[in-house]
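Undergrad: quick one: sequence plus predicted model below, questions after.
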Amino acid sequence: MSPVVHLADLIAALGGDLHGEAQTRISRIAPLDEADGETISFLANPRYQSQLAQTQAACVIVAPAFAEAAIQRGENSGAVIVTPDPYLYFARLTQWWAARTRPLAPARVHPSAVVDPSARLGAGVDIGPLAVIEAEAEIGAGARIGAHCVIGQGARIGAGTRLAARVSVGFDCVLGQRCIVHSGVVIGADGFGFAPNFKSERPGWEKIEQLGSVRIGNDVEIGANTCIDRGALADTVLEDGVKLDNLIQIAHNVHIGRHTAIAGCAAIAGSTKIGAFCTIGGAANVVGHLVLADHVHVSAATLISRSISQPGQYSGVYPFEDNASWEKNAATLRQLHSLRSRLRDLEKKNT
Amino acid sequence: MSPVVHLADLIAALGGDLHGEAQTRISRIAPLDEADGETISFLANPRYQSQLAQTQAACVIVAPAFAEAAIQRGENSGAVIVTPDPYLYFARLTQWWAARTRPLAPARVHPSAVVDPSARLGAGVDIGPLAVIEAEAEIGAGARIGAHCVIGQGARIGAGTRLAARVSVGFDCVLGQRCIVHSGVVIGADGFGFAPNFKSERPGWEKIEQLGSVRIGNDVEIGANTCIDRGALADTVLEDGVKLDNLIQIAHNVHIGRHTAIAGCAAIAGSTKIGAFCTIGGAANVVGHLVLADHVHVSAATLISRSISQPGQYSGVYPFEDNASWEKNAATLRQLHSLRSRLRDLEKKNT
Amino acid sequence: MSPVVHLADLIAALGGDLHGEAQTRISRIAPLDEADGETISFLANPRYQSQLAQTQAACVIVAPAFAEAAIQRGENSGAVIVTPDPYLYFARLTQWWAARTRPLAPARVHPSAVVDPSARLGAGVDIGPLAVIEAEAEIGAGARIGAHCVIGQGARIGAGTRLAARVSVGFDCVLGQRCIVHSGVVIGADGFGFAPNFKSERPGWEKIEQLGSVRIGNDVEIGANTCIDRGALADTVLEDGVKLDNLIQIAHNVHIGRHTAIAGCAAIAGSTKIGAFCTIGGAANVVGHLVLADHVHVSAATLISRSISQPGQYSGVYPFEDNASWEKNAATLRQLHSLRSRLRDLEKKNT
């Protein structure tokens, strides 16, 4: 369902300084090295500058510093859009493109949905097939609830928020406006809380009922199969603009500051507070009850085991090698502390 | 939906030795440092003892050792409940509280559920909207099956077990009594088993059909989006009282001993046997075909690659640092084995 | 539902060179050390050769090298099937067994399913209860769509492919023939793509709409709760015969070569290209924009942070120890680079 547009339409919608023919036809967005004569492309990373000369693109989006090189890009030379931030322009182009190629279906409450009479649906709400909206739940104007979603009792979904198919929102949980939640997400399951009770006649873990909820701000995106647990006493909180990838675990009472982005398979353990504008790499883990300052960046697969008060990049990964080398080095690692002692002894002898 | 209770009600239900006014109103449970004049709080960890003097709590739950300090806790002094294990008391308080503030709806089989006529439903069973109960499945008395659950052919759910919305229980799988299973859990998908067949005309992995099942004991809790695969020949087994957090992978033929607790994002590979009373930290992994003794405790993000026969705490994590330090140390780690050799050479020269 | 078969049936279906009584009754498949007098077992790994003499199995499947030992295996001696690859024979035996004990129900479109009139269903398609098939979706002949699946607009499911309950396939995504997809899988959620926009008046991450799709080849198996994101511009691709375990994250624009197998909880970050015939261990991670050659094998829990051009086994895991040892060695690891310098200084003194 690729559309054909003319650059003039695009410039009218998104701005930018056009050099070239406004009637140039565009049917595709692609990287410079995969572009053809109906493709619009972009140069965001100077590393790919050399691709400018070879690209077949009908139009390239560039920053002012590359405007001249793009305009005079040789025999394939086509149109150029100059804009201060080509990557941001590209992002908005994808949004404009998606709105043209994937128009939203008209909103409706599908007859197969099970909507409690006490639920409150705002204007223009879309409820997908077989969705379940429980008592007293509130769906804001223009929100779209996908097929097979379950919105628990008293939960609130903000205006314009979109839930893909098969999202669970637990009772009393709150999502802000314009959020996007992908399939399989579970918001508001019980946090993992138990009191040890191993001296009694019926030894075991005693459940701590999770009496808190989940509160999610505006413009938050949550990836497929990610889990956000409800708080034990107070609430689990995601501030405005947080972006979570797939298969992430957010434990009870975690607090994530605004515009922090977390990559896939990461896990944040209970009661940890992550600052604003942080990035957490894929499969990274943060243990419980820590505080991370604003602008902390955690590398992929790193375990953060202590609080971090200074902005910066933090890493902790065993560097991979061919297996034979790893076996030797890893075995030696188990002797590292004693190697240090032996080194000290030698140093004493040599002073 | 916070209730207001009087301490007298609470003592009547949960016991404990009350010092203070039995008619004290309580509308909230909170930590000592977040308590107000209608809050009940508790001191479980002596580390927080200093908060006793400042807390605004209307009542604090303490162990006998702190009874005097709590009773004489200064100008804000309120009521005190003395009990041998305040954390356990707190757990039971949350249960009592939840039962008051979140009463279960009356059980019913929702008319939109698809229940096979050959399924057997015990007394007082609740079946949520759009749940699917397949042929010959058996739901024990008082069990509650959430919206969109799928209970496979011949599966058995024990009395009093509660499944949240959107849980899959595969055919022939068995859950015990009083279990709690959260949204998105998949019990009884196929284990990951293939025979290599790369010398044939149609090379590829040949599927090993997973002929076993999953057997889960009583009082087991399973967190959101966790997966428990069916066994290849014999069954995958979770004993009584096992507690699993979210997004955990339990592979085929794993056996987990009673009251073992596993934190989020951990994975136990095929045929491994974990003892009783173990704890496995978040994002920890145990490779396949191992045996871990009872009372083994694995730290977060650790890979267990060999069997463990002795109780104790085991760890294996690269310690995180600022990125620049990590880069230097990690690069040197690749030379560690040769560094040891060089140290040996020096030692020889120095003897 | 264990069947009783005679060896003659089994040989007729699967071949192999039978030594012993063709009318031997078989009611069970089990390992050598768990076999009883109606069990068929197999010796695939020479490590278990010693179990041959003790096994109670009614029949054992062995390679030619072990034929004699198996035939003359002492007092419990029973039948023997000799075949070039016993493990492959075992795999096919499980398939044959499953087909007998778990016959597929007759195909039907369940009346509770919500099937758009414009969807195209091939011959013999099975649509489970409460599944949703959106407009223009195409379901190939003999495909089986489980309860609560959602097949998005324009998606295509190949002939003979089986989706367990509760699988989401996003719009325009394509699955090949004879695939198996387990519960909770999400195919075609948005990739995690955002442009930073922190200098504007409304700072935040600007969404990059994911305009690509997911293309999956034939004979692919995908484990429970695994996620495969749609591409940003081009498509995310899994070639024929790829096998994915549970809880795996495949990010946007990843390309996985044919017959590569990936174990549970692994994650492949965006735009990475994995070769054919690779294996990726459980909880391993591969960062984005890398290229891994064919026949690369990554150990469990390893982070691959650079491209790999040579086949082989690669590892990078901190070796676990008792916690006290780990604490000492890990602390010393933070000084490793300076230890190397001190070693160099000593070497200079000693030359």
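TA: Received, thanks.
Undergrad: where does chain A have its least confident helix or strand?
TA: Within chain A, no helix or strand scores below helix A:51-54, which has a mean of 90 by mean pLDDT, DSSP states H and E.
Undergrad: who's in contact with it?
TA: Here helix A:51-54 makes contact (Cβ atoms under 8 Å, 6 or more residues apart in numbering or on different chains) with A:31, A:32, A:33, A:43, A:60, A:62, A:66, A:69, A:70, A:73, A:74, A:76. No exception for glycine: its C-beta is placed from N, CA and C like everyone else's.
Undergrad: what pairs with the fifth one across the strands?
TA: I take that to be residue A:60. In this structure, residue A:60 bridges to residue A:41, residue A:80 when assessed by DSSP bridges.
Undergrad: which parts of stretch A:121-139 are buried?
TA: For stretch A:121-139, the neighbour count (16 or more other Cβ atoms under 10 Å in any protein chain shown) marks A:121, A:125-134, A:136-139 as buried.
Undergrad: show me the contacts of helix A:51-54 that map onto strands.
TA: Per DSSP state E, strands hold the following members of the contacts of helix A:51-54: A:60, A:62.
Undergrad: between the contacts of helix A:51-54, which is nearest chain B?
TA: The closest of these to chain B turns out to be residue A:43 (Cβ to the nearest Cβ; 27.7 Å).
Undergrad: was I right to think that closest one contacts residue A:64?
TA: No: applying Cβ atoms under 8 Å as the test, residue A:43 and residue A:64 come out as separate, 11.7 Å apart.
Undergrad: between the two, who's got more neighbours?
TA: Using other Cβ atoms under 10 Å in any protein chain shown as the criterion, residue A:43 and residue A:64 rank with residue A:43 on top: 26 against 11.
Undergrad: with only the CA atoms kept, save stretch A:287-302 in PDB.
TA: Output of stretch A:287-302 as PDB, limited to C-alpha atoms (Å, rounded to 0.1, in the frame of the first residue of the first chain):
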ATOM      1  CA  VAL A 287      18.800  -4.300  41.200                       C
ATOM      2  CA  GLY A 288      16.200  -3.100  43.700                       C
ATOM      3  CA  HIS A 289      16.100  -0.100  46.000                       C
ATOM      4  CA  LEU A 290      18.700   1.900  44.100                       C
ATOM      5  CA  VAL A 291      18.600   5.500  42.800                       C
ATOM      6  CA  LEU A 292      20.000   6.400  39.400                       C
ATOM      7  CA  ALA A 293      20.500  10.100  38.700                       C
ATOM      8  CA  ASP A 294      19.200  11.900  35.600                       C
ATOM      9  CA  HIS A 295      21.200  11.300  32.400                       C
ATOM     10  CA  VAL A 296      22.700   8.000  33.400                       C
ATOM     11  CA  HIS A 297      23.300   5.700  30.500                       C
ATOM     12  CA  VAL A 298      23.700   2.000  31.200                       C
ATOM     13  CA  SER A 299      25.300  -0.300  28.500                       C
ATOM     14  CA  ALA A 300      23.700  -3.400  27.200                       C
ATOM     15  CA  ALA A 301      23.800  -6.500  29.500                       C
ATOM     16  CA  THR A 302      25.200  -4.600  32.400                       C
END
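Undergrad: all helices for the stretch 51-200 of chain A, in order.
TA: With DSSP state H, counting those that start in this stretch as the criterion, the stretch 51-200 of chain A has helices at A:51-54, A:67-71, A:86-101.
Undergrad: average pLDDT across the second one?
TA: Averaging pLDDT along helix A:67-71 gives 92.
Undergrad: give me the helices and strands touching it, please.
TA: Contact here means 3 or more Cβ pairs under 8 Å, 6 or more residues apart in numbering or on different chains; DSSP states H and E; on that basis helix A:67-71 packs against strand A:17-19, strand A:59-62, strand A:79-82.
Undergrad: need the ones you listed in CSV (columns: mean neighbour count and mean pLDDT).
TA: Compiled in CSV, those are given as follows (neighbours: other Cβ atoms under 10 Å in any protein chain shown; pLDDT from 0 to 100):
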stretch, mean neighbour count, mean pLDDT
strand A:17-19, 16, 96
strand A:59-62, 27, 97
strand A:79-82, 23, 97
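Undergrad: closest to residue C:267 out of those strands?
TA: Comparing those by their distance to residue C:267 (Cβ to Cβ), the top pick is strand A:59-62, with 30.9 Å.
Undergrad: leaving out chain neighbours, which residue sits closest to the closest residue to chain B within the stretch 251-351 of chain A?
TA: In the stretch 251-351 of chain A, the residue that lies nearest chain B is residue A:316 (3.1 Å; Cβ to the nearest Cβ). Spatially, and ignoring its direct neighbours in sequence, residue A:316 is nearest to residue B:320 (3.1 Å; Cβ to Cβ, 6 or more residues apart in numbering or on different chains).
Undergrad: and what of residue A:289?
TA: Leaving aside its sequence neighbours, residue A:289 sits nearest to residue A:271 (Cβ to Cβ, 6+ apart; 4.8 Å).
Undergrad: so the one you found touches residue A:237, yeah?
TA: No: contact criterion Cβ under 8 Å: residue A:271 and residue A:237 do not qualify, at 11.3 Å.
Undergrad: quick check: neighbours shared by those two?
TA: Common neighbours of residue A:271 and residue A:237 (Cβ under 8 Å, 6+ apart) are residue A:254.
Undergrad: ok, the two, which is more surrounded?
TA: With neighbours defined as other Cβ under 10 Å, residue A:271 and residue A:237 compare such that residue A:237 has more, 22 against 19.
Undergrad: sorry, back to before: would you mind measuring from the residue of the stretch 251-351 of chain A closest to chain B to residue B:175?
TA: Residue A:316 sits 39 Å away from residue B:175, going by Cβ to Cβ, to the nearest Å.
Undergrad: and residue A:286, what is it in contact with?
TA: Shown in contact with residue A:286 (Cβ under 8 Å, 6+ apart): A:266, A:267, A:268, A:269, A:272, A:274, A:280, A:292, A:298, A:303, A:304.
Undergrad: just residue A:113 next, same as before
TA: Going by Cβ under 8 Å, 6+ apart, residue A:113 touches A:127, A:128, A:129, A:130, A:131, A:132, A:133.
Undergrad: farthest-separated two in the residues you listed?
TA: Maximum pairwise distance in the contacts of residue A:113, criterion Cβ to Cβ, is 12.8 Å, between A:129 and A:133.
Undergrad: residues near the one residue in chain A that gets nearest to chain C, how many?
TA: Going by Cβ to the nearest Cβ, chain C is nearest to residue A:320 of chain A, at 3.0 Å. By other Cβ under 10 Å, 22 other residues sit near residue A:320.
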